[in-house]
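1. when you get a sec, could you give me coordinates for this:
(one chain, ligands or ions: 1)
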Amino acid sequence: MAPVSDGLVTMEKIVSLCKRRGFVLPSSEIYGGLGSSYDYAHYGVLLKNNVKGQWWRAMLQERDDVVALDSAIIQHPRTWEASGHLAGFTDPLVDCRTCKLRFRADLIDQAQCGRKPSKHPGETPDCDLTGARDFNLMFETTIGPVSEEGSTVYLRPETAQGIFLNFKSYLQFSRKKPPFGIAQIGKSFRNEITTGNFIFRMREFEQMEMEFFVPPDQAEMWFGHWLEQRMNWYTTLGLRPDHLRLRAHDQDELSHYSSATSDVEYLFPIGWSEVEGIANRGDFDLTMHAKFSGQKLEYVDTASGERYIPHVIEPAAGADRALLAFLVDAYDEDEIEGEVRTVLRLHPLIAPVKVVVLPLVRKDGQPELASEVYRDLRERFQTEYDEGGAIGRRYRRQDEIGTPWAVTIDHQSLEDRTVTLRDRDSLAQERIAIGELGEEIERRLRAPWRSPKLET
Ligand code: ATP
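-> Residues are numbered from 1 along each chain as shown. Next up, the predicted model:
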């Protein structure tokens, strides 16, 4: 088994695998597609559910100081005044009157002229650029049957604000007091100007955000805690540590309210890029919403009478970007019997399908026994059954979607009720009794895992 690719995989290979195997498809393709919109197909849905499931697990099941929320996408428009998005969530844009294209003023030296792609906008005599104008990235719509003053609302550009709006209710019903967090996963919308790079930057995407409310004097300590927790989450789920880093924002990069922000960055084929931002937001959000709503958004200790506005530590991750990082990190090619095999070396916990059951031949009672094993395993794991085509082909198909284990039923299985259990990465085949399969797969699923790409 000789590795033929151990360097960086290209985005084209990922896009092509995603389409070929049904992970992610261009949206509205029969109408020519829609810029930066993608649909998650079957295996993409399973994979993303696993990524989100692991995030929930780390936030809720493995701790007792975080609770969950699923807030509305369309919130009261005052939300975005208070948060600063209405005034400040903008990109500076430049239009070209000649080619009618629009560019981000701060990225114009990376853009291509609409008429002469070898030039940057403004470099040819025909270019006719406007001055830079601020363009708000929030999608606007109206509520109710007629658009009239006061009916304008926005699709949320982040999930975080829904958490702040509910802070007061959570203090009342959740029996939590700072330090505690509220976590949410949901769709966010941004009318991004610079798009491309597949699901890295979309106009509609999913965020996994948690706001952790702490006594002000503990903010720094908790910021450190969350940096560590979040880095561990990615590496425990198999991302290679040498492809992951924390980058602290420089002073001039920080939002005006944040005393510290660090990005978790992954080495994508497009270079080091953010998958998650972790920020110490101070008391900015609660103070602003208190001011705009007229409500008191503070914590009062009933025993001591102490009152304060909690500070907030926010780990804000993108489900799509995390998924892309897992895919890129897992993608591998090797050679088996002279043929190149594409394989996704995903951590078993996030692999879309855990196990496939394959009768070696479609006769002699093998399909019947295989179906029995399949029905049994699918009670516990996302399982597939496949009896069509040469066995090598069937293994290959599962390798491409990252299925960690394959159970093969052969003639011996009918005699002694044993099967072979094939491992996606080592290719080792072990003979095992049917009755022990479930426990063995469960054991392997829970075992610590390390990317086999680290060895190469
Ligand atoms: P960028 O600088 O790349 O635009 P950001 O700093 O604006 O990202 P945040 O507002 O911190 O992003 O959002 C938190 C997370 O949400 C990001 O780390 C990213 O994973 C995800 N995210 C943000 N914008 C997009 C997008 N357009 N498409 C996909 N994911 C996104």
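2. next, count neighbours for whatever residue of the stretch 201-350 of the chain ends up closest to the ligand.
-> Of all residues in the stretch 201-350 of the chain, the one sitting closest to the ligand is residue 318 (2.3 Å; Cβ to the nearest ligand atom). For the C-beta atoms, the positions are set from N, CA and C on the backbone; glycine is no exception. Residue 318 is flanked by 23 other residues according to other Cβ atoms under 10 Å.
3. that one and residue 201 touch, don't they?
-> No - applying Cβ atoms under 8 Å as the test, residue 318 and residue 201 come out as separate, 9.4 Å apart.
4. between those two, what contacts are shared?
-> The contact sets of residue 318 and residue 201 do not overlap (Cβ atoms under 8 Å, 6 or more residues apart in numbering).
5. residue nearest the centroid of the protein?
-> Taking Cα atoms, centre = their mean as the criterion, residue 319 is the residue nearest the geometric centre of the chain, at 1.9 Å.
6. pLDDT at the closest residue to that one other than its chain neighbours, what is it?
-> By the measure of Cβ to Cβ, 6 or more residues apart in numbering, the closest residue to residue 319 outside its immediate chain neighbours is residue 206, 3.9 Å from it. pLDDT for residue 206: 98.
7. so residue 206 makes contact with residue 188?
-> Yes - proximity of residue 206 to residue 188 meets the contact threshold set by Cβ under 8 Å, at 7.3 Å.
8. ok and the residue in the stretch 351-456 of the chain nearest the ligand?
-> Counting by Cβ to the nearest ligand atom, the stretch 351-456 of the chain gets nearest to the ligand through residue 352 (20.3 Å).
9. that's a strand at that residue, yeah?
-> No - counting by DSSP: H, G, I helix; E, B strand; the rest coil, residue 352 is not found in a strand; it is coil.
10. could you point out which element follows the helix ranked longest in the chain?
-> The single longest helix within the chain, with elements called by DSSP state H, is helix 219-236. Sequence-wise, the next helix or strand downstream of helix 219-236 (DSSP states H and E) is strand 244-248.
11. from the chain's centroid, how far away is that following strand?
-> Offset of strand 244-248 from its chain centre (Cα atoms, centre = their mean, to the nearest Å): 17 Å.
12. what's the angle between it and helix 219-236?
-> Taking axes from the mean of the first three to the mean of the last three Cα atoms, to 10 degrees, one finds that strand 244-248 is oriented at 160 degrees with respect to helix 219-236.
13. what segments of the stretch 251-400 of the chain are helices?
-> Using DSSP state H, counting those that start in this stretch, the helices found in the stretch 251-400 of the chain span residues 284-293, 319-330, 366-377, 391-401.
14. residues of the last one that come out buried?
-> Within helix 391-401, the residues scored as buried using 16 or more other Cβ atoms under 10 Å are 391, 394, 395, 396, 397, 398, 399, 400, 401.
15. state the mean pLDDT of the very next helix or strand once past that helix.
-> Remark: after helix 391-401, the chain's next helix or strand is strand 405-409, criterion DSSP H and E. Regarding strand 405-409, the rounded mean pLDDT is 98.
16. can you tell me what sits against strand 405-409?
-> Contacts for strand 405-409 (Cβ under 8 Å, 6+ apart): 348, 354-360, 366, 369-370, 373, 377, 391, 394-395, 398, 419-424, 429, 437, 441, 444.
17. from the chain's centroid, how far away is whichever helix or strand comes after it?
-> Next helix or strand after strand 405-409 toward the C-terminus (DSSP H and E): helix 411-416. Offset of helix 411-416 from its chain centre (Cα atoms, centre = their mean): 43 Å.
18. how about helix 411-416: buried residues?
-> For helix 411-416, by 16+ other Cβ under 10 Å, it's residue 413.
19. which among the contacts of strand 405-409 end up buried?
-> Buried among those (16+ other Cβ under 10 Å): 348, 354-360, 366, 369-370, 373, 377, 391, 394-395, 398, 419-422, 424, 437, 441, 444.
20. the protein against the ligand: which residues are in contact?
-> 158, 190, 192, 201-202, 205, 207, 274-277, 316-318, 320-321 (Cβ under 6 Å from any ligand atom).
21. which ones among those lie within strands?
-> Counted as lying in strands by DSSP state E, out of the residues of the chain next to the ligand, are 205, 207, 274, 275, 276, 277, 316, 317, 318.
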